[in-house]
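**Student:** Sequence and predicted model, in that order:
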Amino acid sequence: MEEKTVEYIAKLVMEAMNNQGYENGYTIPVGVSARHVHLTQEHVEQLFGKGYQLTKKKDLMGGQFASNEQVTIVGTKLRAIENVRILGPVRKNSQVEVSQTDAVKLGVAAPIRESGKTKGSAPIAIVGPKGAIYLNEGCIVAKRHIHMNPVDAQQANVKDGEIVSVKFTNERGTIFNNVQIRVDDSFTLEMHIDTDEANASQIKTGDIGILIK
């Protein structure tokens with residue numbers, strides 16, 4: 001193929017990418033994250049019985065998994081949401097992640113936080129088949145974020161903790177700002193948003209966004 005032809009094709013490709021909003025060409029698949037719970041082993045046993053171990057339903061990234069076990073979460077005004085899935089493995093601290101709509105339904109003032117940053121967050125009760133626990137703090141709305149491994153981060157020219165934007169070129173034409181980069185060797189490239197964000201922007205798991213620095 002002649003050099004001029006190659007240059008012409010390359011030009012057409014770049015124009016097509018720009019017309020679709022591919023500012024830097026780095027695309028990111030989306031995973032819509034539904035409400036879920038993380039528990040300590042102590043709390044697992046309080047909810048399901050002494051010595052109980054979570055059982056795996058589906059593998060997730062970073063060594064995590066969706067368990068078969070589900071619980072009921074109860075807000076401060078005794079408003080409840082049933083069948084909330086537990087994610088494993090067990091953690092050092094228990095945590096409940098909900099959408100803003102869930103928080104309103106439960107009657108809790110859940111702040112937007114990075115996972116694990118639960119100090120001063122909303123109180124919540126968790127009910128299982130064998131017992132119940134009350135968390136003085138631990139209920140959050142998860143901050144939107146992108147999981148990356150170091151190779152992904154290098155290719156995208158971003159670093160752990162950096163804040164970026166992500167654009168979607170569907171009918172809604174949504175741009176999400178304040179998206180946090182999270183880098184770890186165990187991560188698979190994926191942006192996580194909650195169900196409120198996904199529904200409002202008509203985005204579903206597997207859709208593709210474009211990173212904007």
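**Tutor:** Arrived safely.
**Student:** What count of nearby residues applies to the residue lying closest to residue 27 once chain neighbours are set aside?
**Tutor:** Residue nearest to residue 27 in three dimensions, not counting chain neighbours: residue 208, with 5.0 Å by CB to CB, 6 or more residues apart in numbering. Using the backbone N, CA and C atoms, a C-beta is placed for each residue, glycine as well. Residue 208 has 14 neighbouring residues, counting by other CB atoms under 10 Å.
**Student:** wait, doesn't residue 208 sit right on residue 28?
**Tutor:** Yes: Residue 208 lies in contact with residue 28 (CB atoms under 8 Å); the separation is 6.9 Å.
**Student:** ok, now which ones touch the residue nearest the centre of the chain?
**Tutor:** Within the chain, one residue has its C-alpha closest to the average C-alpha position: by CA atoms, centre = their mean, that is residue 192, at 3.5 Å. Listed by CB atoms under 8 Å, 6 or more residues apart in numbering, the contact partners of residue 192 are 30-33, 142, 144-147.
**Student:** For the residue nearest to residue 27, list each beta-bridge partner.
**Tutor:** Legend: beta-bridge partners of residue 208 under DSSP bridges are residue 29.
**Student:** For residue 37, name its beta-bridge partners.
**Tutor:** Under the criterion DSSP bridges, residue 37 forms beta bridges with residue 86, residue 96.
**Student:** Distance check, it against residue 95.
**Tutor:** Look at residue 37 and residue 95: by CB to CB, to the nearest Å, they are 7 Å apart.
**Student:** picking that back up, quick one: which of the contacts of residue 192 is the most crowded by neighbours?
**Tutor:** Compared across the contacts of residue 192, residue 146 has the highest neighbour count, 26 neighbours, by other CB under 10 Å.
**Student:** Specify the beta-bridge partners of it.
**Tutor:** Using DSSP bridges, the beta-bridge partners of residue 146 come out as residue 181, residue 191.
**Student:** before we move on, what SS does residue 62 have?
**Tutor:** Secondary structure assignment for residue 62 (DSSP: H, G, I helix; E, B strand; the rest coil): helix.
**Student:** What is the neighbour count of the closest residue to it other than its chain neighbours?
**Tutor:** For residue 62, the nearest residue in space outside its immediate sequence neighbours is residue 186; the separation is 4.2 Å by CB to CB, 6+ apart. Neighbourhood size, residue 186 [other CB under 10 Å]: 10.
**Student:** Quick check: which element contains the closest residue to residue 123 other than its chain neighbours?
**Tutor:** Of all residues not flanking residue 123 in the chain, residue 136 sits nearest, at 5.4 Å (CB to CB, 6+ apart). Counting by DSSP states H and E, the element that carries residue 136 is strand 132-142.
**Student:** which residues in this protein form strands?
**Tutor:** In the chain, strands defined by DSSP state E lie at 27-33, 36-38, 56-59, 65-74, 80-88, 95-97, 112-113, 122-127, 132-142, 145-148, 163-167, 175-183, 190-194, 208-212, listed in chain order.
**Student:** Quick one: residues contacting residue 57.
**Tutor:** With contact set as CB under 8 Å, 6+ apart, residue 57 has these partners: 65-68, 85.
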